[in-house]
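> When you get a sec, could you give me coordinates for this:
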Amino acid sequence: MGYLQRPPARVLGVDPGLTRCGLGVVEGVPGRPPKLIAVGVVRTEPGAEISARLLAIEQEIERWLDEHRPDTVAVERVFSQHNVRTVMGTAQAGAVAIVCAARRGLPVALHTPSEVKAAVTGSGRADKDQVTLMVSRLLRLADPPRPADAADALALAICHLWRVPAIRERTALAQGGIT
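All right, here's what the predicted structure looks like:
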């Protein structure tokens, strides 16, 4: 059986949040250093109405989808936190990203923070500084992406780019097929 080269995939990573929603687009193939396409943060005012904040996030994600045309969207899976208000805002912002992708028929993947950390640093317990450092190295950036939400969005995109094809191949092999 010969090796089939895959075309580069483009992934939009979304680190959801109401005050700061990180967005990062990378392109590449598993096992190779990815290429940075774009990185940024959508900011909303904490005192604004929730509807206005979610609309602002939706409009910016739609703009990014138009401009960068990703093949898939990777969103951080909301995990249990002590602050219910923070969890709700994160979940709502994440849902906006999922709806934007679904509206375009784009696949959506949810990754836990520990999955993302393990994918980019080798440890699911890495701290934010370690994640930012590894994202900077992997993307060959002179300066680290700031704030941390931007680096986290890139880490999500890298995680998805590298892990999902391998997961699909393992699943196909376990089912007796090849993808």
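
> Does the residue nearest to the spatial centre of the chain lie in a helix or a strand, and which?
Per CA atoms, centre = their mean, the C-alpha nearest to the average position across the chain is that of Gly13, at 2.2 Å. Under the criterion of DSSP states H and E, Gly13 resides in strand 9-15.

> re the thing from before, measure the residue nearest to the centre of the chain to His82 for me?
Gly13 sits 25 Å away from His82 when distances are taken as CB to CB, to the nearest Å. C-betas here are computed from N, CA, C, even on glycine.

> OK, contacts around Ser114?
The neighbourhood of Ser114, defined by CB atoms under 8 Å, 6 or more residues apart in numbering, consists of 124-125.

> What helix or strand is it located in?
When secondary structure is defined using DSSP H and E, the element that contains Ser114 is helix 113-121.

> List the buried residues for stretch 82-98?
In terms of neighbour count (16 or more other CB atoms under 10 Å), stretch 82-98 has its buried residues at 89-90, 92-94, 96-98.

> Show me what that stretch is in contact with.
Outside stretch 82-98, the residues that touch it by CB under 8 Å, 6+ apart are 14, 16-19, 21, 50, 54, 57-58, 61, 73, 75-78, 80-81, 108.
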